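1. could you look at this predicted model? Sequence included:
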Amino acid sequence: MSKSQSKEFSIEWGGRKLTIGVGLLAQQANGSCTIRYGDTMALCAATMGNEREGLDFFPLHVDFEERMYAAGRIKGSRFIKREGRPTDEAILSGRLIDRAVRPLFQSNIRNEISVVTTVFSHDHENDADVPGLIGSACALAISDIPWDGPIAAARIGRVDGELVLNPTYDQILKGDLDLVVAGVEGKTIMLEAGANELTSEEMTDAIAWALEQFAPVIDLIKQVQKAVGKTKIDVLAPKTEGEKIEREELEKLFELSREFMKTRQVTTLFANPLKSKADRKSAVTKLKIELDEYLTEQEISKENRRKALDIIDEFVDSEITRMILEEDRRADGRALDEVRELVEMVGVLPRTHGSGLFQRGATQVLSSVTLGSPGMEQTLDTMEYQGKKRFFHHYNFPSYSVGETRPNRGPGRREIGHGALAERAIQPVIPGREEFPYTIRVVSEVLGSNGSSSMGATCGSTLALMDAGVPIKAPVAGIAMGVASDEKAGKFKVITDLQDLEDGNGGMDFKVTGTRKGVTSLQMDTKTHGIPIQTVKEAFAGAQKAINKILDEIESVIAAPRAELSEWAPRIESIKIDPDKIRDVIGPGGKIINEIIDACNVQIDIEDDGLVNITALESEGMQRAMEWVKKLTHEIEAGEIYTGKVTRIMDFGAFVEILPNKEGLVHISELAPHRVEKVTDIVNIGDEVKVKVYEIDSMGRVNLSVKRADPDYKPTEQDSRPMRDKKPSGRRPGGRFNGPRR
């Protein structure tokens with residue numbers, strides 16, 4: 001397609017122009033477009049490959065590619081200048097798009113589908129993730145890939161109590177809400193938010209207001225779709241007559257299997273509450289054995305029996321949903337608003353700075369806290385951010401937590417996403433640098449998982465931080481809410497404390513974290529075509545009730561942060577110095593500060609405003625370093641008394657170092673209360689003497705006295721005269737000869 005065939009479609013939205021361009025770039029993709037908001041611009045491309053045989057999942061890949069050139073930057077590393085592994089921010093943006101578009105695909109598709117957003121330009125005001133989501137929705141909508149869109153997305157901020165559509169970075173920093181909503185008008189498909197303890201009502205109002213902003217965007221995508229959209233391919237339709245017959249026979253087999261399972265499920269699967277994963281696995285295994293025996297009796301081939309067993313999970317999902325909707329009954333016997341059994345412990349690990357164990361049902365998370373010096377902050381060097389980060393949470397999910405075996409290859413997208421969610425949940429209650437200057441790292445180890453380990457990590461982190469003595473503003477807890485639904489009938493029923501058995505088709509995973517005061521973060525995924533706002537409101541109400549219950553349990557174990565830090569944690573003491581004195585502490589080429597660090601075994605961090613933080617494990621080293629810095633930066637005043645070392649001897653007196661790199665002169669007349677013939681009669685190089693500062697002259701020179709440092713010395717008339725009026729017996733450096741001729 002030539003440049004003349006490219007087209008652009010624009011609307012004014014949130015005070016800026018939103019522009020979708022098609023026909024110019026990525027012409028070999030199934031669907032592609034550029035999306036521009038302000039001067040932030042991205043290319044979104046959707047492609048589809050062939051069907052992959054033998055898969056039991058939908059192979060969708062969603063990537064968000066950051067380019068440093070988009071922000072006019074070159075990577076900060078001296079050795080690596082090209083983009084490499086995606087940053088955590090890029091992974092989180094990719095997951096954001098994935099969670100919004102995935103529910104609108106048919107889950108039984110086995111064709112590989114890829115959706116890629118590449119940021120080409122970034123204006124440092126508008127985040128690229130929401131435009132990237134809108135562009136991805138447009139690329140899918142205009143492609144021939146089967147997808148039940150379009151959808152829209154919006155970022156909502158709140159500044160001074162007023163909601164803001166698509167706030168800039170500055171507005172987000174000034175406000176108390178950062179909310180991303182994706183869906184269609186009236187229904188929510190995906191939510192992601194961080195908030196500073198907003199109430200459930202305030203959060204619901206913000207979500208409802210976001211849904212009202214979707215119409216112009218959806219209309220814009222439909223306009224593009226009408227102009228250049230392709231006819232959708234039915235990838236699930238049989239390709240030959242033989243395949244059609246085979247599918248019809250297979251569907252008859254599935255129907256036969258479903259009828260059998262309906263007659264057996266009461267006695268086999270759900271006769272007794274399934275209290276654990278082991279119970280569920282055992283019941284499903286028993287059902288598979290019974291179904292296989294039944295189909296064998298019906299003379300079904302082994303290959304077809306194996307295919308029939310694949311629908312058992314689908315049957316279990318549908319039966320659990322039916323029980324909730326029709327009987328208000330859950331597979332494990334709980335009430336719809338009941339939280340599983342809770343276990344909390346603190347101080348579990350002997351040498352960490354703080355630790356907490358949180359267990360809810362079979363989900364078990366052990367969190368630990370490590371405190372470090374301010375210099376241990378993480379440096380951020382991404383397309384969007386350049387700066388430092390003093391609080392971070394990391395999340396590990398080993399295979400044994402779900403009873404599986406797989407090699408450990410480091411954190412994947414899921415671990416990064418769950419870790420970021422728990423970090424966002426805790427961030428609003430972390431004390432400021434002025435109150436608590438430490439760098440704080442929390443690591444959550446998932447030891448068992450059966451429903452919302454990220455919320456377990458949030459609760460475990462709260463326990464560990466309080467155990468470490470970090471003065472958090474309030475404890476934070478989290479809960480995952482679910483839903484059972486019949487979309488055709490418009491029936492939605494909310495459940496509390498979702499477990500994996502209940503997160504099937506037609507479900508929702510609505511994670512909410514907060515304090516007793518309000519919400520700190522939320523994340524919602526759904527396997528429906530959208531959740532009504534009324535259901536969202538009910539989920540918030542149930543979540544706050546559950547959070548309060550969990551907080552009751554947490555506070556029964558540890559009511560407040562410990563008053564003292566762990567004996568193994570470093571101590572930080574701070575001193576404020578004149579910024580002009582920073583160079584005196586650092587020294588030429590860092591010589592002095594490195595000398596202090598090595599001699600005292602401490603870490604020293606100096607801020608531009610003159611705040612000096614000294615971190616040490618031992619009090620002796622801390623005190624030595626603190627005194628050293630004080631001496632280096634102290635302003636000498638007349639009347640002060642010091643003990644110093646003689647560094648130089650002259651005919652007219654001795655120079656004494658009273659502070660590091662700071663000397664003063666003891667004139668020969670000030671060495672003793674009597675006449676002194678030679679300086680060396682009283683002092684020699686290396687001697688330590690007690691001296692008093694009796695004068696700082698107009699040139700800033702420090703004049704010292706040994707005799708005046710004696711508390712019993714009686715001043716004479718000569719002592720009251722300025723140094724320049726005295727008759728010295730020698731020559732000061734750079735001065736004229738004032739001594740008597742001999």
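-> Now that the structure is in, tell me what you want to look at.
2. okay, CA-based contacts and neighbour counts for the rest of this
-> Will do.
3. so which helix or strand takes in residue 209?
-> helix 200-212 (DSSP states H and E).
4. after that helix, next one along is what?
-> Counting by DSSP H and E, what follows helix 200-212 is helix 215-228.
5. ok, and what's touching that next one?
-> 9, 10, 11, 13, 138, 141, 142, 150, 151, 152, 184, 185 (C-alpha atoms under 8 Å, 6 or more residues apart in numbering).
6. list the contacts for the fourth one?
-> Spelled out, it's residue 13. So residue 13 contacts residue 216 (C-alpha under 8 Å, 6+ apart).
7. give me phi/psi at it?
-> phi -150, psi 120 (degrees, to the nearest 10).
8. also residue 474?
-> Torsion angles, degrees, to the nearest 10, at residue 474: phi -170, psi 150.
9. give me the pLDDT for it.
-> For residue 474, the pLDDT comes out at 98.
10. for it, grab the count of nearby residues.
-> 19 (other C-alpha atoms under 10 Å).
11. again with residue 170
-> Residues near residue 170, counting by other C-alpha under 10 Å: 11.
12. dump the residue contacts of it.
-> residue 125.
13. surely it is within a helix?
-> Yes: Residue 170 sits within a helix when classified using DSSP: H, G, I helix; E, B strand; the rest coil.
14. ok, and what's touching the helix holding residue 209?
-> Here helix 200-212 has contacts from 154-156, 163, 165, 181, 183-188, 518-519, 533, 536-537, 540-541, 544, using C-alpha under 8 Å, 6+ apart.
15. show me where pLDDT drops low in this protein?
-> 1-4, 265-269, 271, 717-742 (pLDDT under 70).
16. kindly recompute the last result at 50.
-> Residues of the chain meeting the criterion pLDDT under 50: 1, 724, 727-742.
17. the strands in the stretch 1-150 of the chain, which residues?
-> 7-13, 16-22, 31-37, 40-51, 60-65, 111-121 (DSSP state E, counting those that start in this stretch).
18. export those strands to JSON lines and tack on distance to residue 294?
-> JSON lines is the format used below for these (distance: least, C-alpha to C-alpha, whole Å):
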{"stretch": "strand 7-13", "distance to residue 294": "59"}
{"stretch": "strand 16-22", "distance to residue 294": "56"}
{"stretch": "strand 31-37", "distance to residue 294": "47"}
{"stretch": "strand 40-51", "distance to residue 294": "32"}
{"stretch": "strand 60-65", "distance to residue 294": "36"}
{"stretch": "strand 111-121", "distance to residue 294": "33"}
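19. measure residue 238 to residue 51 for me?
-> 12 Å (C-alpha to C-alpha, to the nearest Å).
20. list the residues that contact both of the two?
-> Common neighbours of residue 238 and residue 51 (C-alpha under 8 Å, 6+ apart) do not exist.
21. helix or strand for residue 272, which one?
-> Applying DSSP H and E, one finds residue 272 in no helix or strand.
22. just list the residues touching residue 112, thanks.
-> By C-alpha under 8 Å, 6+ apart, the neighbours of residue 112 are 48, 49, 50, 51, 52, 58, 59, 60, 61.
23. contacting residues for residue 374?
-> So residue 374 contacts 390, 437, 438, 439, 605, 613 (C-alpha under 8 Å, 6+ apart).
24. one step back: highest neighbour count among the contacts of helix 215-228?
-> That'd be residue 138 among those, by other C-alpha under 10 Å, with 33 neighbours.
25. test my guess that that one contacts residue 33.
-> Yes: with contact defined as C-alpha atoms under 8 Å, residue 138 reaches residue 33; the gap is 7.2 Å.
26. any chance of the contacts of helix 215-228 in CSV, with distance to residue 506 too?
-> Compiled in CSV, these are given as follows (distance: C-alpha to C-alpha, whole Å):
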residue, distance to residue 506
9, 35
10, 35
11, 34
13, 32
138, 24
141, 23
142, 26
150, 19
151, 18
152, 21
184, 17
185, 19
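27. I'd say residue 426 and residue 458 touch.
-> Yes: with contacts counted by C-alpha under 8 Å, residue 426 reaches residue 458, the gap being 7.1 Å.
28. quick one on the thing from earlier: give me the buried entries from the contacts of residue 112.
-> 48, 58, 59, 60, 61 (16 or more other C-alpha atoms under 10 Å).
29. can I get those residues in TSV with distance to residue 552?
-> As requested, the buried ones among the contacts of residue 112 are exported to TSV (distance: C-alpha to C-alpha, whole Å):
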residue	distance to residue 552
48	50
58	41
59	42
60	41
61	41
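30. farthest pair in these?
-> Checked with C-alpha to C-alpha, those reach their widest spread between 48 and 58, with 12.1 Å between them.
31. quick check: neighbours shared by the two?
-> 111, 112.
32. and the nearest residue to residue 34 once chain neighbours are set aside, what does it touch?
-> Nearest residue to residue 34 in three dimensions, chain neighbours excluded: residue 43, at 4.4 Å (C-alpha to C-alpha, 6 or more residues apart in numbering). Counting by C-alpha under 8 Å, 6+ apart, residue 43 makes contact with 25, 32, 33, 34, 35, 117, 118, 119, 120, 132, 135.
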